[in-house]
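[1] Here is my input; please provide its structure:
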Amino acid sequence: MTKAKAKRVIAASIAAVLTLVLLGSCFVRDEAVEAVVETEEPELEVIELVIEQAPAEAAGDEVVETQYEYIPSTQAAEGYISELELIEITEEYGNMYGICPEILQAMAERESTLYIMATNGDCKGLMQVSERWHADRMERLGVTDIYDVRGNILVAADYLAELRDTTDYGYDIIYVLMRYNMATDTANRLYKEGAYTDYALEIIEESKRLERLHGK
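    Below you'll find the predicted structure:
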């Protein structure tokens, strides 16, 4: 073998060895990588983060005002006047005669508990009007049915206005209510003595409550 050929064989052998070394290192690297890939990832501990909301601040004694809209009822038991109808009629005649509508409403509650056909002797209807004592008034006002709610309230309002405008103590609504409810002599005597009837006082209190309810 010539020296040149020997050199070529030696070079080829060295190249083969280097190739094996390089390939071996690649296999080792790939196996290492594969080992890393296949290695199970450590299980992470899950920690729940609970966020607690701060307690709401106490409102204290502060009062929050809200607007209250009063809506009268349109419904009523059979034979009774509805709240809405009573308010509408009493406001109409109250304005006509300069009488607080709530006074008329409270009277209707007290006299008849709002029962349209209420009857107590000669006194009839919502406001317990006596046909015997108010026949002329009914004729003048054109009221022919004492149980008609509008006519009944109209007669009562007209009579209250008369007591207010033509009597010595008509400036005091308590006296006017006492006169409406009892004989003239008895009402005069009690009023002069400073004795007010429960009837009059209860109507005054109820009318005040109704005014507050109606936002007046």
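[2] how about the helices in the protein?
    For the chain, applying DSSP state H gives helices covering 3-38, 83-97, 101-112, 135-141, 149-166, 173-181, 184-192, 198-213.
[3] Name the stretch among the ones you listed that sits most buried.
    Stretch with highest mean neighbour count among the helices of the chain: helix 101-112 (a mean of 23; mean count of other C-beta atoms under 10 Å). The C-beta positions use only the backbone N, C-alpha and C, and glycine is treated the same way.
[4] what's the closest of the helices of the chain to Gly125?
    Judged by C-beta to C-beta, the one of the helices of the chain that comes nearest to Gly125 is helix 149-166, at 3.8 Å.
[5] Mind listing residues that contact that closest one?
    For helix 149-166, the external contacting residues (C-beta atoms under 8 Å, 6 or more residues apart in numbering) are 81, 85-86, 89-90, 93-94, 96-99, 103-104, 107-108, 116, 124-127, 129, 134, 137-138, 141, 143-146, 170-171, 173, 176, 179-180.
[6] Straight-line length of stretch 97-104, end to end?
    In stretch 97-104, first residue to last residue: 11 Å (C-alpha to C-alpha, to the nearest Å).
[7] rewinding a little: compare the mean pLDDT across the helices of the chain and name the weakest.
    Lowest mean pLDDT of these: helix 3-38, a mean of 42.
[8] re the thing from before, distance to Tyr70 added to the helices of the chain, as TSV?
    As requested, the helices of the chain are exported to TSV (distance: least, C-beta to C-beta, whole Å):
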stretch	distance to Tyr70
helix 3-38	78
helix 83-97	10
helix 101-112	12
helix 135-141	31
helix 149-166	21
helix 173-181	23
helix 184-192	34
helix 198-213	6
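[9] Of all those helices, which one is nearest Glu69?
    Of all the helices of the chain, helix 198-213 sits nearest to Glu69, with 11.5 Å by C-beta to C-beta.
[10] Output the contacting helices and strands for that closest one.
    The contact analysis (3 or more C-beta pairs under 8 Å, 6 or more residues apart in numbering; DSSP states H and E) places helix 198-213 against helix 101-112, helix 173-181.
[11] what angle separates it from helix 101-112?
    Relative orientation of helix 198-213 versus helix 101-112 (axes from the mean of the first three to the mean of the last three C-alpha atoms, to 10 degrees): 130 degrees.
[12] In contact with His214, which residues are there?
    Tyr70, Ile87, Glu102.
[13] Can you redo these as TSV, where the extra columns are distance to Ala76?
    TSV is the format used below for these (distance: C-beta to C-beta, whole Å):
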residue	distance to Ala76
Tyr70	17
Ile87	12
Glu102	18
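[14] What is the nearest of these to Glu206?
    The closest of the contacts of His214, once distances to Glu206 are taken by C-beta to C-beta, is Glu102, at 7.9 Å.
[15] Isn't the closest one up against Leu210?
    Yes. Glu102 lies in contact with Leu210 (C-beta atoms under 8 Å); the separation is 4.1 Å.
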